[in-house]
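A.B. asks: Please find the sequence and the predicted model below.
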Amino acid sequence: MSHHFTRLASGTFGVALAIGLALPASADGDRAWWIQTLREHQSKASTTVAPVTSTTQQRVAATQPRVTVTAPGVSTVATAQSAPRYRMVAGRVMPLDPTSAAEQRQVIHRAATVPASANAPSSRQIDPQFLPTEVAFSGYAPGTIVIDTEEKYLYLAMPGGTAKRYGVGVGRPGFQWAGTHRITSKREWPGWTPPAQMRKRQPELPAYMEGGPDNPLGARAMYLGSTLYRIHGSNAPWTIGHEVSSGCIRMRNEDVMDLYARVDVGTKVIVRR
């Protein structure tokens, strides 16, 4: 009988226990043995854990998210981003991918409190009138760059009374300027060092940002004398044709690359208002 009970004990505990309790009163001794055996069996089953094989570990690992937290609120994905990307918020450069929750809250707060410029673009589409074209143009020596900040156009004077005309983004109110300078250096995919005045206005900006597609200076930059101003590309092409910069002249990346290839260091640049 004990052998028969042991076989039953290997089944479901609840069902077997019910059978034990249903034994007739005349079999009190057997019933007590039955219940005790089942309880011991259940105790062993609940405390015995099969070792996890390497294959099982691999299967479990494959189903888990591959994000390791290296510091509170900072994942390896964020850590891999040595410098955050940037975007335009009401004409100002703001981080796009902060590397911590605290930075993210700070940026959201700052973006919400930046006053919208009356000249800020209302959409991310560039007006076709600011696409490059050739136009009649005279009064300047071929090779001269003339920037009309009122019209938002950059002209590269060419022989025969014509010019290659590009749309540009210019300084917002309070950051507009005019003057004559020369291109003193040129850079492909330039790094960006925000001026101290800009970092004072926007403390969240980095001290330096490596060049690349996310850099606000875009694909090319031409530096104007000893000024802080440049003619450069932009990763926000929808700002072309608007007054949104801190004084620099912005172009679409494809346009600044074209201009960059056409001019040399020493080229005269006239900015007029």
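C.D. replies: Alright, I've got the coordinates.

A.B. asks: My guess is residue 154 contacts residue 166. True?
C.D. replies: Yes - using C-beta atoms under 8 Å, residue 154 is in contact with residue 166, at 4.7 Å. In this view, the C-beta of every residue, glycine as well, is placed from N, C-alpha and C.

A.B. asks: where are the low-confidence patches of the stretch 101-250 of the chain?
C.D. replies: Applying pLDDT under 70 to the stretch 101-250 of the chain flags the ranges 101-123.

A.B. asks: In it, what residue spans correspond to helices?
C.D. replies: Along the stretch 101-250 of the chain, the segments classed as helices by DSSP state H, counting those that start in this stretch run 101-113, 196-201.

A.B. asks: related to what we said a few turns ago, where do the contact lists of residue 154 and residue 166 overlap?
C.D. replies: Residues touching both residue 154 and residue 166 (C-beta atoms under 8 Å, 6 or more residues apart in numbering): 251, 259.

A.B. asks: since we're on the closest residue in space to residue 132 that isn't next to it in sequence, how many residues are nearby?
C.D. replies: Spatial nearest neighbour of residue 132, excluding adjacent residues (C-beta to C-beta, 6 or more residues apart in numbering): residue 166 at 4.9 Å. When neighbours are defined as other C-beta atoms under 10 Å, residue 166 has 26 of them.

A.B. asks: can you pull the contacts of residue 166?
C.D. replies: 130, 132, 153-154, 156, 251-252, 255, 258-259.

A.B. asks: cutoff 10 Å now
C.D. replies: 130-133, 145, 147, 152-156, 231, 240, 249, 251-252, 254-256, 258-259 (C-beta atoms under 10 Å, 6 or more residues apart in numbering).

A.B. asks: doesn't residue 240 make contact with residue 218?
C.D. replies: No - Residue 218 lies out of contact with residue 240 (C-beta atoms under 10 Å); the separation is 11.2 Å.

A.B. asks: Which of those two has more residues huddled nearby?
C.D. replies: Using other C-beta under 10 Å as the criterion, residue 218 and residue 240 rank with residue 218 on top: 27 against 23.

A.B. asks: Pretty sure residue 146 sits against residue 158.
C.D. replies: No - look at residue 146 against residue 158 with C-beta under 10 Å: they stay out of range, at 11.7 Å.

A.B. asks: Now list whatever residues contact both of the two.
C.D. replies: Shared contacts of residue 146 and residue 158, defined by C-beta under 10 Å, 6+ apart, comprise 137, 140.

A.B. asks: re earlier: which among the contacts of residue 166 end up buried?
C.D. replies: 130, 132, 145, 147, 152-156, 231, 240, 249, 251-252, 255-256, 258-259 (16 or more other C-beta atoms under 10 Å).

A.B. asks: one step back: any idea how far the residue nearest to residue 132 lies from residue 140?
C.D. replies: 15 Å (C-beta to C-beta, to the nearest Å).

A.B. asks: burial count for residue 187?
C.D. replies: There are 16 residues near residue 187, going by other C-beta under 10 Å.
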